[in-house]
Structure formats: C-alpha cells, structure tokens
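Undergrad: this one's structure only:
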C-alpha cells in the first residue's frame, strides 16, 4: 500500500522546476556594473548642483533690477506722500485772543493765543464767538476742570440749558469741527499737538461704549443702547505745556500760545484729585458699564483750588 504513494510523490517531483544557480559571469557583470551606476549618479548630482547654481545666479541677476525699481518706486511714493502732507510750519495766526487766569481768586497773568483762521476756519470762528462773548455766552468765570501732567483742560459751556442753546446758535453745530478734524487724519492739514498748542475737544477717547439693555415695548422685547457719558459739545478746549501726541485722536488744534506759558506752568502746579484708573475695581466697573465709575472718572485730575478765567476776549489788530 505504500508503493503507490511513493510513486506518486516521485512522479510529482519530476514536474517541479529544478533549482538553477545563476551563472558566475552574470554575478560578476552585476557586481561590475555597480561602480559605473554609482559614478553616473554622482555625475548627475554634480551636474544638477551646477545647474541649480547657474539658475540661482541668473534669477538673482534678473531680480536685482526689479528690486532696485521697487525701492525707487517706494521712495517716490513716500516723497509724494510727504509733499502732499501739509507742513505745520505753514500755519500763521490770523487772530489773537486773551485769557486772564486766576488761581484761588488770585490773578496769575494773561495768556495770549494766536488763532489759525486760514487753516481751521470753523474751529477759529467757534472759539472766537465764545471768547468774545457773542450771543451772551463766554468763557468768563468758567473753570479749568482737568489738570494733567502735559496739558490743562477747560470745562467749556455746559451741555444743557440756555447756555448750551446759545452756544449752538452762536458757534454752529459740532459737525463742522469734526470735518476739519477728519481732514487732519487724512493728512490734508497739520494735526500735530505740540507744546503751546490750543485745541478744541472734538471727541472723548475715554467715553465708554453704549450699554445695551432689553426693554419691553408694546409687548415686544427690543434692544436699546444707553449712553454712559455725555460727549463734548465743542466748547471745551485744552492748552498743552509739552508735546502731546495722545491728544491727536480727540483734539482739533486751532491756535498756539504766543504769550503766557508761565501762566500755564503755574496752573500745572495746582494739586489735583489722584487718578485711580489703574485700580482693578475701577477697571471692572468701567468694563461692565457701572455709572459710578463714570462719575468717579470725572473727578480724577480735578484741581483742589479753583482755576478760573476772570476775563477773555479778542485782541483787535493795530
């Protein structure tokens, strides 16, 4: 019974392909072909590196004139922008105004202001109409409400009552001042706030954003915005003692101090309420729109001693 199986296994073994050893010369040929292949690869890499270097040099040579041209165009554009910007040295005072100041009821001197009538006609007309007492309103007997390290700020005319109506009727709306201030932001006129500058406060950068609240109206909920502080009415002004670029975003420069910087220095020496804006409690109250923070902020930097304008007006040119 074992013989058939043995014959079958023998018969199947005949059909299996025999193991063929590769010829010796084939192995020698393959081994001999490796150095030439490696040499060809090395040569191709060397040629590729040379080609890349040549390509880089050609690209640099081609881009150099373009880079020089772009630099020249940038210089030309910057020169054109500088030429289009109004020079601050071109402003010439066309009117003169004076402010007689007292500290604690004691006169300390007079400040003479030159107004830029040609550069800011709307701002100059507004300030002139108030300082001269036109329409029954004036800065006379009004106080400076804020004394900062770099400038002093006058409270102007109150924003309510008969004085506010007279101020609007005599000096016009605030929109004309905003338009002249926007011209400075566009570079059409000088906007620098340097030492000795006099400017009208156009906007309040410290004013908090309006607070939103839900109000039920006719059975429906509506979202309304509540203003947290009253904005300037175009009658408040500042006088700077040092360069104050931080005021460029809120003040329209209308003139400069011609005489009386010593009076401004005397005003800066008056003691004021300590500024507490760095307190974390105040910051949180300001963020959430707490009205107490707004009221407290109005009292910061207020002078303890009354700093007042006793007399003011325009100086007639001789």
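TA: Arrived safely. Here the structure is a predicted model, which is why all the values come from computation and not from measurement.
Undergrad: which SS state does residue 199 fall under?
TA: strand (DSSP: H, G, I helix; E, B strand; the rest coil).
Undergrad: was I right about it contacting residue 249?
TA: No - using Cβ atoms under 8 Å, residue 199 is not in contact with residue 249; the gap is 11.6 Å. In this view, the C-beta of every residue, glycine as well, is placed from N, C-alpha and C.
Undergrad: Contacts only, for residue 224.
TA: For residue 224, the contact set (Cβ atoms under 8 Å, 6 or more residues apart in numbering) comprises 212, 213, 214, 215.
Undergrad: In terms of helices and strands, where is the first one?
TA: Secondary structure here is read from DSSP states H and E; on that basis residue 212 sits in strand 211-217.
Undergrad: That strand: partners in the sheet, and parallel or antiparallel?
TA: Each strand paired with strand 211-217, and its direction, by DSSP bridges: strand 220-226 (antiparallel).
Undergrad: in the strand it pairs with, what's buried?
TA: Residues of strand 220-226 include none that count as buried (16 or more other Cβ atoms under 10 Å).
Undergrad: Walk me through which strands the next helix-or-strand element following that strand pairs with, and which way each runs.
TA: Next helix or strand after strand 220-226 toward the C-terminus (DSSP H and E): strand 237-240. Using DSSP bridges, strand 237-240 pairs in its sheet with strand 151-154 (antiparallel), strand 197-201 (antiparallel).
Undergrad: Need the winner for burial among those strands.
TA: Highest mean neighbour count of those: strand 197-201, a mean of 26 (counted as mean count of other Cβ atoms under 10 Å).
Undergrad: Just the residues contacting that one, thanks.
TA: So strand 197-201 is contacted by 113, 115, 123, 126-127, 153, 156, 177, 193, 232, 234-240, 244, 247, 250-257 (Cβ under 8 Å, 6+ apart).
Undergrad: Recalculate using a threshold of 7 Å.
TA: Under the contact criterion Cβ atoms under 7 Å, 6 or more residues apart in numbering, strand 197-201 has outside partners 113, 123, 126-127, 177, 193, 232, 234, 236-240, 247, 250-257.
Undergrad: just stretch 97-108 next, same as before
TA: Outside stretch 97-108, the residues touching it (Cβ under 7 Å, 6+ apart) are 109-113, 115, 128, 131, 263, 266-267, 270, 305-315.
Undergrad: Which members of these are classed as buried?
TA: Listed as buried from these are 109, 111-113, 115, 128, 131, 263, 267, 270, 307-309, 312-314; burial here means 16+ other Cβ under 10 Å.
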